[in-house]
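Visitor: Using only what follows, build the 3D model:
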Amino acid sequence: MIEQIFTLSTGNAKSVEKVVMDENIHYVHMIFNKDEGMPEHFSNSNVYMTIVRGKLSIGLDDQEIHEYEAGTLLKIPVDRKMNVRNLHEETLELIVVKAPAPIK
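Guide: Now for the predicted structure:
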């Protein structure tokens, strides 16, 4: 078989799955329930964030929190302060792709 196969979780439990972490990209699958999210941090590559379900609440640098619904793709440049949260009742599911893969 030529292709590699990866399986993503499908439930509602909090999850941060590092699915593919190679020299080309980092592909991360995330699930957050209300009031869950990631620690505030700086992007270490270009970040492409797809909201699969739910509503993302995200603060970038010093701007106010913006909210994005399922079906939205965000492109976030490298070296941006990020505050990623789920502030809503519905489970939030994200696919995060970092390209090129961070070398830090």
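
Visitor: Let me see the ranges of the strands in this structure.
Guide: Here the chain has its strands, by DSSP state E, at 15-21, 26-32, 41-42, 47-53, 55-60, 66-69, 73-76, 81-85, 92-98.

Visitor: Among those, which comes closest to Glu3?
Guide: Put simply, out of the strands of the chain the one that sits nearest Glu3 is strand 15-21, at 12.4 Å, with distance taken as Cβ to Cβ. C-beta here means a position set from N, CA and C on the backbone, and glycine is covered the same way.

Visitor: got the angle between the closest one and strand 26-32?
Guide: Strand 15-21 and strand 26-32 meet at an angle of 170 degrees, taking axes from the mean of the first three to the mean of the last three Cα atoms, to 10 degrees as the criterion.

Visitor: What lies in contact with strand 15-21?
Guide: With contacts defined as Cβ atoms under 8 Å, 6 or more residues apart in numbering, strand 15-21 is touched by 6, 8-9, 26-31, 38, 101.

Visitor: Please list all residues in contact with Ile58.
Guide: Residues touching Ile58, when contacts are defined by Cβ under 8 Å, 6+ apart, comprise 49, 65-68, 74, 82-85.

Visitor: and with 6 Å instead?
Guide: If you count contacts by Cβ atoms under 6 Å, 6 or more residues apart in numbering, Ile58 has them with Val84.

Visitor: beta partners of it?
Guide: In this entry, Ile58 is beta-bridged to His66, Val84, by DSSP bridges.

Visitor: Please renumber the chain so that the first residue is 2 from this point on.
Guide: Taking 2 as the first residue, the last one we looked at is Ile59.

Visitor: What separation do you get for it and Tyr69?
Guide: If you measure Ile59 against Tyr69 using Cβ to Cβ, to the nearest Å, the figure is 7 Å.

Visitor: again, but for Asn45
Guide: When Cβ to Cβ is applied, the distance between Asn45 and Tyr69 equals 21 Å.

Visitor: out of these two, which sits in the more crowded spot?
Guide: Between Asn45 and Tyr69, counted using other Cβ atoms under 10 Å, the more crowded position is Tyr69 (17 against 14).

Visitor: and the nearest residue to that one once chain neighbours are set aside, how many neighbours?
Guide: Distances taken as Cβ to Cβ, 6 or more residues apart in numbering put Leu57 closest to Tyr69, at 4.7 Å, once the chain neighbours are dropped. Close neighbours of Leu57, defined as other Cβ under 10 Å, add up to 26.
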